[in-house]
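> sequence below, structure please.
(one chain, ligands or ions: 1)
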Amino acid sequence: MDHKRDIFSSRRAAIFAMAGSAIGLGNIWRFPYMVGEHGGAAFILVYLFATVFLSLPIFLSESIIGRRTHLGPYGAMAKLAPGTPWKHVGLLTICSAMIIISFYSVVGGWSVDYLFKAIRLEFLPERSEQVSSMFGSMISNTWLPILCHTAFLGLTAVIVVLGVRKGIERFSKISMPVLFVLIVAIMCYSLSLPGAGEGVAYLVKPDFSRLDASAVASAMGQSFFSLSLGVGTILTYSSHIRKSENLITSGLGTSLFDLLFAILAGFAVMPAVFAAGIEPGAGPGLIFETLPYIFSSMGVQMPVLSSVIAILFFLTILIAALTSSISMLETGVTYLVEEKGLRRRTAVIILFGFTWALGCLCSLSFGPLSGVKLFGKTIFEFCDSLTSDFLMTLGGLLFTLFVGWKMFRADVRDELTSGGLYPANAKIFKFTYFLIRYVAPVVIGVVFVTNLLM
Ligand code: PHE
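Model (predicted):
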């Protein structure tokens, strides 16, 4: 199909866009909680291992496939392995991205609502009674979360309609530095609270006794989710990278930004949780229930500062979630534009409709549809677990197998060295190729099968 393709204007632009995809809700609510749950610094160590030995090989595999062909997952695999079923793997990963964006934008919608709540000063101490019940009543409401989900998905769609260069690149270039400034500001505030030390200890004290098999599987899953792997988004973004760019640098740069942000988020969230004397809770509850309560109790002494921090905090979550959701939508849009010949705007409208409808079901599963269960899970939980526990791992596994066993070694080498432009990469090629061909697929495969059987 003949179409004009945008290319990221610079390496920095590509890294910012990919870091934008990577940095999201996963860093802010999942990472801090998991670190504490699974043994503090000991978990961070395993997480680092998983990132270097498993996630980076998948990241590079996706980058190689995308940049080699300058096509999305379906087109790229069809081109590199013509006449084989591999293109269906591409399609499967695109479907995974569409399922993720459906429930992800429900949580994105909650952050829209909470941003407005913070602006309306609803977390002030005189309203502390309502703060604790606010979250439960908001998510179980029928219309408000759907309205916010629509607004969040609408914002995502507007950015994607503008295109890779004018929409995604421009938005990521502005929002990435802003995100880092915001999270550092919140972290400084959080660390200055009396009793913050306990939260710091929760994050940094290594407790190796809690490092069991499930901690290792969680570290791996978290690393995949956080780096947006296995669903074709990194592949799609990489297809807009210039031939002369260094793929290894972009991969390392993106992973480092993502890790740094997760750690900063940990130090922004946990000290505040402990300063308020609260047990850290899991998942969305941590940021939508516990933190507003903290803002409200801190507001007794410092009403202005705590209100400003509350607004900045929910703004951070909203921007981080948006830069991730645009990458998911772009993956689907690329498919419809490249393979079905649709105009970008039409493709966005179609996918908006589909993900909006599925998102509405996910949203309603906290309220009127809470009784509807699939394999014992609500619709939201089912979509989350289907993708995070199953499809992302499967996608990652298949991408490494494709690059390690289906593509020609010479082509892989050519991509990793950018046609010989980076001779230093040739030196680490053997090791990287070994990781992609053997280590990553074997380890991911074992974890995948174990998860499936359990
Ligand atoms: N990496 C994102 C986060 O941490 C989530 C994501 C998953 C984004 C898959 C794109 C694709 O929130």
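> contacts, neighbours, all on C-alpha from now
OK.
> chain center to the biggest helix by length in the chain, what's the gap?
Looking across the chain with DSSP state H, the single longest helix is helix 303-340. Taking CA atoms, centre = their mean, to the nearest Å, one finds helix 303-340 lying 10 Å from the centre of the chain it belongs to.
> can I get the helix or strand following it in CSV? Just the C-alpha atoms.
For helix 303-340, the following helix or strand on the C-terminal side (DSSP states H and E) is helix 344-364. In CSV, the C-alpha atoms belonging to helix 344-364 read as follows (Å, rounded to 0.1, in the frame of the first residue of the first chain):
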residue,chain,number,x,y,z
ARG,A,344,-5.7,8.2,9.3
ARG,A,345,-8.8,10.0,10.5
THR,A,346,-11.1,7.2,9.5
ALA,A,347,-8.8,4.6,11.2
VAL,A,348,-8.8,6.6,14.4
ILE,A,349,-12.6,6.9,14.4
ILE,A,350,-13.1,3.2,13.9
LEU,A,351,-10.6,2.2,16.6
PHE,A,352,-11.9,4.9,18.9
GLY,A,353,-15.4,3.3,18.5
PHE,A,354,-14.2,-0.2,19.3
THR,A,355,-11.9,0.6,22.2
TRP,A,356,-14.5,3.1,23.6
ALA,A,357,-17.2,0.3,23.6
LEU,A,358,-14.9,-2.3,25.2
GLY,A,359,-13.7,0.4,27.7
CYS,A,360,-17.4,1.1,28.6
LEU,A,361,-17.9,-2.5,29.5
CYS,A,362,-14.7,-2.5,31.6
SER,A,363,-15.9,0.7,33.3
LEU,A,364,-19.3,-0.7,34.0
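> angle of helix 344-364 against helix 303-340?
Helix 344-364 runs at 130 degrees relative to helix 303-340, counting by axes from the mean of the first three to the mean of the last three CA atoms, to 10 degrees.
> next helix or strand past helix 344-364?
Later in the chain than helix 344-364, the nearest helix or strand by DSSP H and E is helix 379-385.
> could you tell me how many residues sit around the closest residue to the ligand within the stretch 301-450 of the chain?
Residue of the stretch 301-450 of the chain nearest the ligand, by CA to the nearest ligand atom: residue 324 (4.6 Å). Using other CA atoms under 10 Å, residue 324 has 28 neighbouring residues.
> check contacts around it.
The contact partners of residue 324, by CA atoms under 8 Å, 6 or more residues apart in numbering, come to 20-24.
> go on, residue 425?
Residue 425 sits next to 248, 416-417 when contact means CA under 8 Å, 6+ apart.
> mark which of those residues are buried, thanks.
Buried subset of the contacts of residue 425 (neighbour count, 16 or more other CA atoms under 10 Å): 248, 416-417.
> could those be laid out in TSV, adding distance to the ligand, pLDDT and secondary structure?
What follows is the buried ones among the contacts of residue 425, written out as TSV (distance: CA to the nearest ligand atom, whole Å; pLDDT from 0 to 100; DSSP: H, G, I helix; E, B strand; the rest coil):
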residue	distance to the ligand	pLDDT	secondary structure
248	19	96	helix
416	23	96	helix
417	26	96	coil
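> closest one to residue 224 out of these, please.
residue 248 (17.4 Å; CA to CA).
> my guess is that closest one contacts residue 60, does it?
Yes - Residue 248 lies in contact with residue 60 (CA atoms under 8 Å); the separation is 7.1 Å.
> mean confidence score for the longest helix of the chain?
What helix 303-340 shows for mean pLDDT is 95.
> what ranges does the stretch 51-200 of the chain have for its strands?
For the stretch 51-200 of the chain, no strands turn up when DSSP state E, counting those that start in this stretch is the criterion.
> for it, which segments count as helices?
According to DSSP state H, counting those that start in this stretch, the stretch 51-200 of the chain carries its helices in the segments 56-69, 73-80, 86-119, 128-140, 143-161, 170-191, 196-204.
> can I get the CA coordinates of the second one in PDB?
What follows is helix 73-80, C-alpha atoms only, in PDB (Å, rounded to 0.1, in the frame of the first residue of the first chain):
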ATOM      1  CA  PRO A  73       3.600  -5.400  13.100                       C
ATOM      2  CA  TYR A  74       1.400  -7.100  10.500                       C
ATOM      3  CA  GLY A  75       3.000  -5.600   7.400                       C
ATOM      4  CA  ALA A  76       6.500  -6.100   8.800                       C
ATOM      5  CA  MET A  77       6.100  -9.800   9.500                       C
ATOM      6  CA  ALA A  78       4.300 -10.300   6.200                       C
ATOM      7  CA  LYS A  79       7.200  -8.700   4.400                       C
ATOM      8  CA  LEU A  80      10.000 -10.500   6.300                       C
END
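> other SSEs contacting that helix?
When contacts are defined as 3 or more CA pairs under 8 Å, 6 or more residues apart in numbering; DSSP states H and E, helix 73-80 sits against helix 56-69, helix 86-119, helix 303-340.
> residues in contact with the first one?
Surrounding helix 56-69, the residues in contact under the criterion CA under 8 Å, 6+ apart are 72-73, 76-77, 79-80, 227, 229-230, 232, 234-243, 247-248, 251-252, 255, 396-397, 399-400, 403, 412, 415-416, 432, 435-436, 440.
> residues in contact with residue 294?
272-273, 276.
> counting neighbours, what do you get for residue 289?
For residue 289, the count of nearby residues is 17 (other CA under 10 Å).
> could you export the contacts of residue 294 as CSV, including neighbour count and secondary structure?
Shown next, in CSV, are the contacts of residue 294 (neighbours: other CA atoms under 10 Å; DSSP: H, G, I helix; E, B strand; the rest coil):
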residue, neighbour count, secondary structure
272, 30, helix
273, 24, helix
276, 20, coil
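> so residue 368 makes contact with residue 143?
No - look at residue 368 against residue 143 with CA under 8 Å: they stay out of range, at 10.7 Å.
> where does this structure have low pLDDT?
1-4, 128-129, 281-284 (pLDDT under 70).
> repeat that with 80
Scanning the chain for pLDDT under 80 picks out the ranges 1-4, 36, 125-132, 276-286, 290, 293-294, 297-301, 451, 454.
> quick check: residues of it near the ligand?
The chain comes close to the ligand at residues 21-27, 225-228, 233, 324, 327-328, as judged by CA under 6 Å from any ligand atom.
> of these, just say which sits nearest to residue 54.
Minimum distance to residue 54 across the residues of the chain next to the ligand is 11.2 Å, recorded for residue 227 (CA to CA).
> show me what contacts the nearest residue to residue 102 once chain neighbours are set aside?
Once flanking residues are discounted, residue 102 sits nearest to residue 359: 4.3 Å by CA to CA, 6 or more residues apart in numbering. By CA under 8 Å, 6+ apart, the residues touching residue 359 are 101-103, 105-106, 149.
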